[in-house]
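Visitor: here is a sequence together with a model predicted from it:
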Amino acid sequence: MPDGTLDNTFGNNGIVNYPYQADTEGFGIALTTDNNILITGFTATPTYNYSMFLMKLDHQGNPDPGFGAGGLVVADYGTYDVGYSLYVQGNDKILVAGTSGELIPSDCDMAIWRYNPDGTLDNTFGTNGMNKIQFSGNPDEGLAMAHQSDGNILIAGKARDTDFDYAMVRILNDFATDVMEMNDVSNLSISPNPARPGSQLEINYELPAK
């Protein structure tokens, strides 16, 4: 609420708990274009198998049944798969940055997944929807992510050799977010013109080639 108190219209008196396995933790959060909520982190079994999870909730805190399996996606590639950061592209595809591989201190790699809006992996990205980056054969983790205006993806985190070092990668992507400045408005049209208050406007503008 605006005063910092819990919003009782969300979840159970302002709180959502989701006990999926022995241990489930959320690290990254993002809003979709329709104002629903995405959360990523990990879910672990009692035998310490960590799987990356991605959950979608509606604005009231209920799992979205049209996303994944009852609102939840679980990715299990090794014994240690974790999502740390989320980004929703302008085309509603979902980027998750984290790590995938074997349980630390064994080898795990910086990882990024791309999902379609319904929670299925986007198989046009990386290898079957996932890309892994290895630095030195030791634990590597992607902890934060940003999306450049040209669509490329920046991931920052850590890579371990004899000790942990700061690590950053840039990954090519096929979705750009920028719109060129409309300095030349000679090819812009608005209809109806003139417009009445409350009427719907249609704006057409041809973007010049870059």
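Guide: On my side now, so go ahead. Values in this document were obtained by computation on a predicted structure and should not be read as measured data.

Visitor: buried sites along stretch 157-164?
Guide: The neighbour-count check on stretch 157-164 (16 or more other CB atoms under 10 Å) flags Gly157, Lys158, Ala159, Arg160 as buried. Bear in mind the C-beta positions are built from the backbone N, C-alpha and C, glycine included.

Visitor: oh, I was asking about stretch 133-153
Guide: Neighbour counts over stretch 133-153 (16+ other CB under 10 Å) mark Ile133, Phe135, Asn138, Pro139, Asp140, Glu141, Gly142, Leu143, Met145, His147, Ile153 as buried.

Visitor: between those residues, which sits nearest Asn91?
Guide: His147 (11.6 Å; CB to CB).

Visitor: what's Met130 sitting at in phi/psi?
Guide: Dihedral angles of Met130 (phi, psi; degrees, to the nearest 10) stand at phi -140, psi 150.

Visitor: got a list of what it touches?
Guide: Applying CB atoms under 8 Å, 6 or more residues apart in numbering, we find Met130 in contact with Ala75, Tyr77, Ser100, Ala111, Ile112, Trp113, Arg114, Leu121.

Visitor: repeat that for His147.
Guide: Residues near His147 by CB under 8 Å, 6+ apart: Tyr87, Gln89, Leu95, Ile153, Leu154, Asn173, Thr177.

Visitor: run the last query once more with 10 Å
Guide: Shown in contact with His147 (CB atoms under 10 Å, 6 or more residues apart in numbering): Tyr87, Val88, Gln89, Gly90, Leu95, Ile153, Leu154, Asn173, Phe175, Ala176, Thr177.

Visitor: before we move on, what about Leu103?
Guide: Applying CB under 10 Å, 6+ apart, the residues near Leu103 are Ala44, Tyr48, Asn49, Tyr50, Gly78, Thr79, Tyr80, Asp81, Pro139.
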